[in-house]
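A.B. asks: Any chance you could fold what I've pasted below:
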Amino acid sequence: METKCNKCKGTNIKKDGTRNTLNRGNIQRYYCKDCKIRFVPNDGFYRMRNSPDKITQSIHLYYSGTSLRKTQAHLGVFHPHNASHVSILKWIRKYSRLVGSFVDNIKVKNSDSITFDEMEYKTKGKQSFFIDLMDMETRYILGSGYYLNRGMNEMREVLHKAKHKSLNPTTKFYTDGLKLYPRALRKEYNYNKKNYKYIHKITKSTDKAFNWKIERLHNSIRERTKIMRQFKKLESARLIMKGYEIHYNFARKHMGINAYPYELATDITLGKNKWLDLITISSNR
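C.D. replies: Numbers count the residues shown, from 1 in each chain. Alright, predicted model coming up:
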């Protein structure tokens, strides 16, 4: 990725020495010939005391199923300056918010079919819900949200996210028997069976193929969240679950399609360290 000036965003720059840091080593400095300033590029880790590799390694470990304290113990083995579990949680929140604002505006090459469902959780002992919507072919999560309720407004908000991202029209919907789904679909998509041909397949828990694609996604989420008794704060829960959406779409290879969902659904190119590349792209967009 081309380096740009932090102030004027120009590319008329040259290397101008390095900045020595305690934990990140030597960082390249630049000089902008247009606005006459020296700067260190904002790669998403500006003023962070820990290295990008260490931070992204922590995020990847966490979303792969390792608890905060076990992630901390892992860092203590491989890095000379360890970080607390509180710092790791702050990194997860910070970069889930940063990357989330970027991926929410990516246009997705979706199929004509989506599946829509929700999971129940606890936030400070109160009932709450993770509502998500996934493309049937690419397995890309088109929209999600963490809420205290699962009413019409919450359903429509998740549907609106998916509609905003989708490049192709959606004509097939797969849900369970919750009565809100047909109403939410009609209101958000303005579908009318008299003038628009679409299919809404309602599956039941007794069906042989009970909405299995999104249920497989939910099993993966439960595998990650089973070590948590409950979320303590709503905003923290939203950021953590947003991070899982990002991890599922970009950093976790899907066995069913033998690919990362973003590879089928977007034109984005990422290297081995998916979180590192996403953070860098999000900081320079």
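
A.B. asks: so for stretch 39-47, what's the average pLDDT?
C.D. replies: In this model, stretch 39-47 has a mean pLDDT of 81.

A.B. asks: any residues touching it, and which ones?
C.D. replies: Identification of contacts with stretch 39-47 by C-beta atoms under 8 Å, 6 or more residues apart in numbering yields 3-7, 19, 24, 27-32, 51-52, 55, 95, 98, 279-280, 282-284. In this view, the C-beta of every residue, glycine as well, is placed from N, C-alpha and C.

A.B. asks: ChimeraX command for the buried members of those?
C.D. replies: This is the ChimeraX syntax for the buried subset of the contacts of stretch 39-47, where burial follows 16 or more other C-beta atoms under 10 Å:
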select :4,5,24,30,31,32,51,52,55,95,279,280,282,283,284
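
A.B. asks: To which secondary structure element is L276 assigned?
C.D. replies: L276 belongs to helix 274-283 when assigned by DSSP states H and E.

A.B. asks: what helices or strands is that helix leaning on?
C.D. replies: helix 52-63, helix 85-103 (3 or more C-beta pairs under 8 Å, 6 or more residues apart in numbering; DSSP states H and E).

A.B. asks: can you tell me which of these comes nearest to K122?
C.D. replies: When these are compared by C-beta to C-beta, helix 85-103 sits nearest K122, at 18.1 Å.

A.B. asks: Measure how that closest one sits relative to helix 52-63, angle-wise.
C.D. replies: 90 degrees (axes from the mean of the first three to the mean of the last three C-alpha atoms, to 10 degrees).

A.B. asks: just to revisit the earlier point, what's the angle between the helix holding L276 and helix 52-63?
C.D. replies: 110 degrees.

A.B. asks: can you list contacts of helix 274-283?
C.D. replies: Helix 274-283 is contacted from outside by 1, 42-45, 52-53, 56, 59-60, 95, 98-99, 101-103, 246-247, 250-251, 260, 268, 270-271, using C-beta under 8 Å, 6+ apart.

A.B. asks: Over to stretch 149-159?
C.D. replies: The contact list for stretch 149-159 (C-beta under 8 Å, 6+ apart) reads 116, 118, 129, 131-133, 143-145, 147, 178, 180-181, 183-185, 187-189.

A.B. asks: Make a PyMOL selection of the buried ones in those residues.
C.D. replies: Buried residues among the contacts of stretch 149-159 (16+ other C-beta under 10 Å), as a PyMOL selection:
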select buried, resi 116+118+129+131+132+133+143+144+145+147+181+184+185+188+189
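
A.B. asks: tell me which residues in the helix or strand bottoming out on mean pLDDT in the chain are buried?
C.D. replies: Across the helices and strands of the chain, mean pLDDT, DSSP states H and E gives its lowest value to helix 212-225, namely a mean of 80. Buried residues in helix 212-225, counted by 16+ other C-beta under 10 Å: K213, I214, E215, L217, S220, I221, R224, T225.

A.B. asks: one step back: list buried members of the contacts of helix 274-283 by neighbour count.
C.D. replies: For the contacts of helix 274-283, a burial check counting by 16+ other C-beta under 10 Å picks out 43-45, 52, 56, 59-60, 95, 99, 102-103, 246-247, 250-251, 260, 268, 270.

A.B. asks: Leaving out the residues flanking it, which one is nearest to the spatially most central residue of the chain?
C.D. replies: Centroid-nearest residue in the chain, with C-alpha atoms, centre = their mean: I246, separated by 2.0 Å. Excluding the flanking residues, the one nearest I246 by C-beta to C-beta, 6 or more residues apart in numbering is V99, at 5.4 Å.

A.B. asks: wait, that neighbour sits on H247?
C.D. replies: No - using C-beta atoms under 8 Å, V99 makes no contact with H247, being 9.8 Å away.

A.B. asks: How far off centre is stretch 70-90?
C.D. replies: Centroid separation for stretch 70-90 versus its chain: 22 Å, with C-alpha atoms, centre = their mean, to the nearest Å.

A.B. asks: start to end distance for that stretch?
C.D. replies: Stretch 70-90 has an end-to-end distance of 16 Å (C-alpha to C-alpha, to the nearest Å).

A.B. asks: And that stretch, what's buried?
C.D. replies: Result for stretch 70-90 [16+ other C-beta under 10 Å]: buried residues T71, Q72, L75, H79, A83, H85, S87, I88, L89.

A.B. asks: for the least confident helix or strand of the chain, packing partners?
C.D. replies: Partner elements for helix 212-225 (3+ C-beta pairs under 8 Å, 6+ apart): strand 113-123, strand 126-135.
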